[in-house]
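J.: Here is my input, please return the structure:
(one chain, ligands or ions: 1)
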Amino acid sequence: MRKSYVRASLALLISAQLIFAATATRAQNAAPQTTPAAALEGFTPADSAVERALEDRFRAIPKPESAREHLRQLTKEPHVAGTREDYQTALYVRDRMREYGISAELKEYQVLLPYPKAPTVLELVAPRRERLSLQEAAIPEDPTSASRKIIPLFNGYSASGDVTAPLVYVNYGLPEDYAALKKLNVDPKGKIVIARYGRSFRGVKARVAEEHGAAGVIIYSDPADDGYAKGDVYPKGPWRPETSGQRGSVQYLFIHPGDPLTPGAPAVPGTPRLTREQATNLPKLPVQPISYGDARKLLEPLRGQVRPAGFQGGLPFAYHVGGTQDVRVHLKTDMEFKTTTIWNVVGRVEGGEERDRWIVLGNHRDAWTFGAVDPNSGTTAMLELARGFGELTRQGWKPRRTIVLCSWDAEEQGLIGSTEWAEENAVELKEKAVAYLNMDAAVSGANFGASSVPSMWKLIRAAARDVRDPKTGKSVYQAWQDHVREDRPEAELTDESGTDEKIAEARIAALGSGSDYTPFLQHLGVPSLDMGFGGDYGVYHSAYDSFAWMSKFGDPQFVYHVAAAQIWGTVAMRLADASALPFDYADYADQIRDFVNETVKTARRRKLADSFDSQALLDVVSELGGQANRTKVMQTDLLAQIEHSKVSADDTHPRSIARLRKINDSLLAAERALTDARGLTGRPWYTHQIYAPGFYTGYAAQPLPDLRQAIEARNATNAREAARRIAEAIRRAAQVLKDGREG
Ligand SMILES: [Zn+2]
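T.: You can find the predicted model right below:
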């Protein structure tokens, strides 16, 4: 109630400024604005009106018909990184950007990529001999599913190997699953383990199996997780059919992503390379994905004890843990590792007054098969966005800052294209990058979701308020909030802090890993976000992630592709044009405080609460929050001064602009300050002290990573040191904000 009142009264104030805006040169072609709106964060009221008009014009450009055509072109053939078909998609993206008036170039790297050399052999040896097919069936309703170019089911960077051993069912393959098996006296050592997908990154499943001495790993898609237990399977419904498996990399990207042979450096000629044996992010055992049709043949005959709590999946029999000689399996993988050229496409919309500050947008282009959802719905959104930006620049728009559009290659193998580019341009990015805005699988349904650093929460929500949700006609923000409320049990909607402010806002998650924001945020300290529209999506990394699937289930009208382009472009334009960068470090401080409090609770449970100085941490968090608020106040004052001096034509304006720029730079530097060049324990490539992928989750973020890890490992010395370094980083960030206001 209170909030909307404030907004309404602000709107009245600002409507008076619209007359002023109409005379501004950049608004010459603007459509008449009838509904007055609140000033955008970071803009003077006059500039805000100009910006809104520009954004309206931009959002009118992306169209379902051209989105459909992009996706059709991009998904004609499977385009695994490093193949001829992948190169063709790079040319398609580059040429469209150029056609739209955006300069674009290919950027090549030579990286180590895995391909299956010979078909994997997986057979049941006992109780009977049977070879499994490992083939995804062609589906008549989906024409591309019969393509001979579809790469077989395999896990990227699996080792080659040939093992025959008893089979153990390890549930999701998490450390706690192995602990449950230990209680049953089941030892996976020397055995082949079969794990189901879900709850952790697949590379983590391989790593944990390796740590427990397993000889090989099979990962299958259980129908409980994305098959018939969820709904009708493809082609009747959107869920995974019986013969479908999930390809995917098992690179240990929680140690470092990118080319395995050039950690921390770009994979270009002249860079010294490790040997494959020296690489630290590659598994040493064979890993193979299979369908639940094939998995059933392995799991049904298993003996040993009936599954512990939580182990039962969706197949129609009681799961046993195995580990006995009753069921023995032969697994033979034959992989080829090739140093191969990959192609990023980098486009630029040159900025004006602050051209040396960059807003970087990224989406990967390579796919395990056709990649209609993952990732080319995002590529489509980027191309429609590029068409919009091209059109606006033709009409005279020059963003204040430079916008860089990146189409990454080899993301699927380990975020390789983005990581190599970030490593190559590290010095320049640390100086110039304002933000990194990622979209991977942009559309698999109608439900908006986002993850980001807390400083960008308000920006994302504000942009979502200005984009229309195609299905409901409400704003994306309203549809998002409605969906979150429907989805969540009543109990979870009450907020512990006692205010209703937080629950009124749809939640934005923390960034872990699993897409291309990782090198930007977690290696370089660039404020980052990831977003998209999700839905019932059971064909991830399968032969059916196709144009036919998208046309039938994901987005038949291609309207969410348009919405994705609109929201991505809106965020980018706002960051590119704002006089005062709308980053909110008070939200960041609040989030870190929550992280600290949660960590203290965990530490108490483990009797480690005294091992580190939590009060020192909370003190620097308060210091950061205080500095953030003072910075916000000064930004507001300076914007008001600029507005006033324009009206009264005095000359304080250039000085205020210069001070705002200094503050802008401090807001970038604050995120950089949260990194520590020494890196995290055991993984120096990861430098961010607040966010990293968890060692044992991989995709999900593990906030305050070193501290959490030390507590999990019950290592008091490491916990003390980690807390000290985190506090140092936060103190640096607070200091940077303070310095930014002075002078
Ligand atoms: Zn992807």
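
J.: Verify the stated contact: residue 96 with residue 386.
T.: Yes - using Cβ atoms under 8 Å, residue 96 and residue 386 qualify as a contacting pair, with a distance of 6.9 Å. Just so you know, the C-beta spots here come from the backbone N, C-alpha and C atoms, and that holds for glycine as well.

J.: So those two - more neighbours on which side?
T.: Neighbour tally, residue 96 and residue 386, criterion other Cβ atoms under 10 Å: the higher count belongs to residue 386, 28 against 23.

J.: Please tell me how far the more buried one sits from the ion.
T.: Separation of residue 386 from the ion (Cβ to the ion, to the nearest Å): 19 Å.

J.: what about that residue, which SS state?
T.: Secondary structure assignment for residue 386 (DSSP: H, G, I helix; E, B strand; the rest coil): helix.

J.: what does the model give it for pLDDT?
T.: In this model, residue 386 is scored at 98, pLDDT.

J.: Wait, it touches residue 103, no?
T.: No - using Cβ under 8 Å, residue 386 makes no contact with residue 103, being 11.1 Å away.

J.: Could you name every residue contacting both of the two?
T.: Shared contacts of residue 386 and residue 103 (Cβ atoms under 8 Å, 6 or more residues apart in numbering): 97, 347.

J.: Endpoint to endpoint, stretch 415-429 covers what distance?
T.: Start-to-end span of stretch 415-429 (Cα to Cα, to the nearest Å) is 17 Å.

J.: That one vs the ion: in contact?
T.: No - for stretch 415-429, no contact with the ion is found by Cβ under 5 Å from the ion; the gap never falls below 9.6 Å.

J.: ok, and what's touching that stretch?
T.: Contacts for stretch 415-429 (Cβ under 8 Å, 6+ apart): 81, 107, 109, 111, 113, 253, 257-259, 262, 264-268, 342-344, 346, 358, 360, 362, 364, 366, 406, 408-411, 513, 515-516, 518-520, 523-524, 526.

J.: Could you list the low-pLDDT ranges of the stretch 501-650 of the chain?
T.: 501-504 (pLDDT under 70).

J.: residue ranges of the strands in it, please?
T.: 528-534 (DSSP state E, counting those that start in this stretch).

J.: For the ion, what's the nearest residue on it?
T.: residue 515 (6.1 Å; Cβ to the ion).

J.: which residues touch that residue?
T.: Here residue 515 is in contact with 364, 411, 415, 438, 440, 530 (criterion: Cβ under 8 Å, 6+ apart).

J.: Would you format the residues you listed as JSON lines with secondary structure and neighbour count included?
T.: Listed next are the contacts of residue 515 as JSON lines, based on DSSP: H, G, I helix; E, B strand; the rest coil; neighbours: other Cβ atoms under 10 Å:
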{"residue": "364", "secondary structure": "strand", "neighbour count": "30"}
{"residue": "411", "secondary structure": "helix", "neighbour count": "27"}
{"residue": "415", "secondary structure": "coil", "neighbour count": "26"}
{"residue": "438", "secondary structure": "strand", "neighbour count": "29"}
{"residue": "440", "secondary structure": "coil", "neighbour count": "22"}
{"residue": "530", "secondary structure": "strand", "neighbour count": "24"}
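
J.: Residue 651: which of those is nearest?
T.: Distances from residue 651 to the contacts of residue 515, taken as Cβ to Cβ, are shortest for residue 438 (41.7 Å).

J.: wait, doesn't that closest one sit right on residue 360?
T.: No - using Cβ under 8 Å, residue 438 is not in contact with residue 360; the gap is 9.2 Å.

J.: Provide a list of residues in contact with the closest residue to the residue of the stretch 501-650 of the chain closest to the ion other than its chain neighbours.
T.: Excluding its sequence neighbours, the residue lying closest to residue 515 (Cβ to Cβ, 6 or more residues apart in numbering) is residue 440, at 4.4 Å. Counting by Cβ under 8 Å, 6+ apart, residue 440 makes contact with 363-364, 374-375, 378, 411, 515-516, 530, 532.

J.: in the protein, which ranges drop under the pLDDT threshold?
T.: In the chain (pLDDT under 70), the answer is 1-37, 488-504, 698, 743.

J.: Kindly report the residues of it close to the ion.
T.: For the chain, the contact set with the ion under Cβ under 5 Å from the ion comprises 374-375, 440.

J.: which helices and strands does the helix ranked longest in the chain pack with?
T.: As assigned by DSSP state H, the longest helix anywhere in the chain is helix 614-648. Applying 3 or more Cβ pairs under 8 Å, 6 or more residues apart in numbering; DSSP states H and E, one finds that helix 614-648 contacts helix 45-59, helix 585-605, helix 653-673, helix 716-741.

J.: same thing but at 7 Å, please
T.: helix 585-605, helix 653-673, helix 716-741 (3 or more Cβ pairs under 7 Å, 6 or more residues apart in numbering; DSSP states H and E).

J.: a markdown table for these, including mean neighbour count and distance to residue 394?
T.: A markdown table is the format used below for the helices and strands packed on helix 614-648 (neighbours: other Cβ atoms under 10 Å; distance: least, Cβ to Cβ, whole Å):
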| stretch | mean neighbour count | distance to residue 394 |
| --- | --- | --- |
| helix 585-605 | 19 | 37 |
| helix 653-673 | 19 | 27 |
| helix 716-741 | 20 | 36 |
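
J.: so which of those helices gets nearest residue 391?
T.: Short answer: helix 653-673, nearest of these by Cβ to Cβ, at 27.5 Å.

J.: Now do the closest one: everything it contacts.
T.: 430, 434, 453, 525-527, 579-581, 583, 585, 631, 634-635, 638, 641-642, 645-646, 729, 732-733, 736-737, 739-741, 743 (Cβ atoms under 7 Å, 6 or more residues apart in numbering).

J.: ok and the next helix or strand after that helix relative to helix 585-605, angle-wise?
T.: Counting by DSSP states H and E, the next helix or strand C-terminal to helix 653-673 is helix 705-712. Interaxial angle, helix 705-712 versus helix 585-605 (axes from the mean of the first three to the mean of the last three Cα atoms, to 10 degrees): 10 degrees.

J.: chain center to helix 705-712: distance?
T.: Centroid separation for helix 705-712 versus its chain: 23 Å, with Cα atoms, centre = their mean, to the nearest Å.

J.: and that helix, what other elements does it pack with?
T.: helix 585-605, helix 716-741.

J.: Now flag whichever of the contacts of residue 515 is closest to residue 212.
T.: Proximity of the contacts of residue 515 to residue 212 (Cβ to Cβ) peaks at residue 415, which lies at 26.5 Å.

J.: how about stretch 410-428: buried residues?
T.: Across stretch 410-428, burial judged by 16 or more other Cβ atoms under 10 Å covers 410-426.
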